[in-house]
Structures are given as C-alpha cells and as structure tokens.
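A.B. asks: can't give you the sequence, but here's the structure:
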Ligand SMILES: *Cc1c(COP(=O)(O)O)cnc(C)c1O
C-alpha cells in the first residue's frame, strides 16, 4: 500500500514539538488572537520574503478578501484559469464579479499567455495567476499584460509555498497573493487555515480591518467585515511546521526528480522542469491518453492516486449560466481527461517511486 500523501509520517517526525505546542495553547486559553498568530504571520512573511502577512481562516477566505480589497465588484470580469480548484473563482460571486475562464499551457499547466490576452474586454479588471501543482506561472509575461491593460494581479499560491520564479518567491509579483494551509497542502494546518500576503501597506491595512468584523478595537467597528480569523491552535501548529518546510520542500523536489528520471523515456507528459522556476511539487501530475489502464493497474496494486482536476471549471454545472461549452478551452479539457497525480510527499521512498514507475511502465510498453 502506497498512500497519496502521508500526514502520519510527517506528524511522527515532529510529534513531540507538536504535542507540546498544542498542550501549551490549550492551557493558555487564548484560542482566538493568541500571540502565536502574530508570530506565525511574521515568520511566514519572512519565509515567503514578503512585507505583510495576515493569517486567515482558509485560502478561500483569503481569496475573497483579496478580491474585495483590490476593489473588484459588480460586473467586473476577472481572468481565471479553468484548470484550478473552484475556490479560485468561487469568491468572485460574493462581490458580484464574473470569472472569465482561460485555457492553460500544455507544458506548464498554468495560464496560457496567448489565450489570456484574447479574453480581455473593456470590463476586464484582474488576472488570477494560480501556480498550479506548485509550478510558478510565467509571471513576467503576466505582469506585462497586466501593465498593458491596467489590470490587477492576484497570485493564488495555495499549492506553491516557497516556489520561486527567476529567483524570487511567488507572492511577490502581483498586488496580493493568497495561501491555503488546508491539511494536505505543502504547509498544512490541523484544520482549515490560510493567509493573505502583500507588499502594499494600504491593501494589508484594508484586509486587516475586514477580516475581524471591521474593528480596530473590540466593540468599535469602522465598517462591516467578516470573521475570517486564523485561530491560535492552527497558527501554533503552522509555526512548528514552518521550521521544517524548506527541508520538506527539498525532499519533494528530490522525489519529483527521481520520478522524472524514471519516467522520462515513456510516452507521457511530465511536469515542467525549467531553470527559471522552482517547482515545489504539491502535486506530481503526469498526463497520458491511457489513463484508464494506468489507474486501474495502480488501484490493483494498492497505490493511491488523484486527479487534479477531472472537470475544468468552465464545464462545471456551477458555471452553466456563463454559457461555456465543450471545446471552448481545448487544452484544459484534454488534460482533465489525461491527468494522473502520483503519490507525492517528503517521506516517500525511492523504492516506492520505483514500484509506481514500474507499474506505469508496464502499461505503456
Ligand atoms: C486549496 C486551494 C484553495 C482553497 O484553499 P482552502 O484553504 O481549502 O480554502 C484555493 N485555490 C487553490 C488552487 C487550492 O489548491
């Protein structure tokens, strides 16, 4: 049995530290806005090399705040890749904005720069760059388009903690970036958690007002806001794990390079490896037109796999009202039929990778 990820192995490697931390927070009874929250925000900003970080209840909450803080609103069109988790697009509805789905590039699996520019209209106000699977988008090209058309840029870094584009950490290119610390993410809490980061003081201050009922002081509210707080227990757990994140990320990359070495001569599409980008492999996805055969054989051998994602957003029932049809975004549609996410975690042994690759190979020769 090879799992898709192994949260238990990770916990066992830091058990003492985690247990002590949780115990300490419980006995402080400061479950909301305890000192661990600020500490984690500071440490995460440092790790991600950004000026400001606001801990939040989830990555979805962070995206909602980002869209609101950037002034997006009713009728505004926002360019979003169709190949992403729905949370990238979903909060646009809360502010009355409209997602405009963009096709992806067949090598990077990220926003196709060509298709992006084609979908810009008078109503377009922003681009959401999702660093899918942990692979940074082509930020130079995206920022150039943003400047040309005066668009805001949000980086959805939910899958790309510590990833880099041309030597610079993701989250430093757009106006605001958002992170998720969902348990299975590269940095995962023991529950829901997220963050908003920015180098813009004004955006940070707006978000820092809205996330906690629009208040600066308890019971005095400048505006209406939300309860989007990161709780103390999650912040404390995240701060413990953050100390190990760079090492865990290096291990993921080693596993990914070994997969690549083993699979490179097979008729498969493999994740992009570019000298301009530090891909952090939240997901190691291959693409094959023999997906059914491969996943059946993986299943028969007790090897877990995932599909990220089986249906692009423009074809989801949730977005039927927007009028997209089959064939509108051909690369997203084709890859959604071909993607297979292989087991990927820091503790995954090369021996296990060998087993997975042997099985895939046997399906293709
Ligand atoms: C996980 C994820 C989110 C949502 O984060 P939550 O913390 O689960 O709300 C948003 N975008 C992408 C690309 C994700 O993978």
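C.D. replies: That came through fine. Computed from a predicted model, the values in this text were never measured in an experiment.

A.B. asks: Kindly tell me how buried the closest residue to the ligand within the stretch 201-350 of the chain is, as a neighbour count.
C.D. replies: Closest contact between the stretch 201-350 of the chain and the ligand, by Cβ to the nearest ligand atom, is at residue 282 (7.6 Å). (Glycine included, C-beta is placed from N, CA and C.) Neighbour count for residue 282, taken as other Cβ atoms under 10 Å: 27.

A.B. asks: Output the contacting helices and strands for the lengthiest strand in the chain.
C.D. replies: Longest among the strand segments of the chain by residue count, using DSSP state E, is strand 124-130. Contact partners of strand 124-130 among helices and strands, from 3 or more Cβ pairs under 8 Å, 6 or more residues apart in numbering; DSSP states H and E: strand 77-81, helix 139-149, strand 152-156.

A.B. asks: which strands and helices sit next to the following helix or strand past the last one?
C.D. replies: Okay, so that is strand 152-156. The first helix or strand that comes after strand 152-156 along the chain, using DSSP states H and E, is strand 164-165. Judged by 3+ Cβ pairs under 8 Å, 6+ apart, the packing partners of strand 164-165 are strand 277-278.

A.B. asks: The same query, at a cut-off of 10 Å, please.
C.D. replies: Where contact means 3 or more Cβ pairs under 10 Å, 6 or more residues apart in numbering; DSSP states H and E, strand 164-165 is packed against helix 139-149, strand 277-278.

A.B. asks: Alongside the ligand, which residues does the stretch 51-200 of the chain contribute?
C.D. replies: Neighbours of the ligand within the stretch 51-200 of the chain, by Cβ under 6 Å from any ligand atom: 58-60, 84-85, 87-88, 130, 156, 158-159, 180, 182, 192, 194.

A.B. asks: now, which of these lie within strands?
C.D. replies: Under the assignment DSSP E, those contribute 130, 156, 180, 194 to strands.

A.B. asks: Excluding chain neighbours, what is closest to the second one?
C.D. replies: Leaving out its chain neighbours, the residue that sits closest to residue 156 by Cβ to Cβ, 6 or more residues apart in numbering is residue 130, at 4.3 Å.

A.B. asks: rewinding a little: the helices and strands packed on strand 124-130 into a markdown table, with extra columns for mean pLDDT and mean neighbour count?
C.D. replies: Formatted as a markdown table, the helices and strands packed on strand 124-130 follow (pLDDT from 0 to 100; neighbours: other Cβ atoms under 10 Å):
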| stretch | mean pLDDT | mean neighbour count |
| --- | --- | --- |
| strand 77-81 | 98 | 25 |
| helix 139-149 | 98 | 16 |
| strand 152-156 | 98 | 26 |
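
A.B. asks: Three-state assignment for the residue of the stretch 201-350 of the chain closest to the ligand, please.
C.D. replies: Under DSSP: H, G, I helix; E, B strand; the rest coil, the three-state class of residue 282 is coil.

A.B. asks: what sits against it?
C.D. replies: By Cβ atoms under 10 Å, 6 or more residues apart in numbering, the residues touching residue 282 are 5, 131-135, 158-161, 163, 180, 184-187, 249, 252, 308, 341, 344.

A.B. asks: how much space between it and residue 131?
C.D. replies: Distance of residue 282 to residue 131, computed by Cβ to Cβ, to the nearest Å: 9 Å.

A.B. asks: Ok, residue 80 next?
C.D. replies: Applying Cβ to Cβ, the value for residue 80 to residue 131 is 13 Å.

A.B. asks: what do you get for residue 111?
C.D. replies: Applying Cβ to Cβ, the value for residue 111 to residue 131 is 10 Å.

A.B. asks: Now do the shared contacts for those two.
C.D. replies: Common neighbours of residue 111 and residue 131 (Cβ under 10 Å, 6+ apart) are residue 137.
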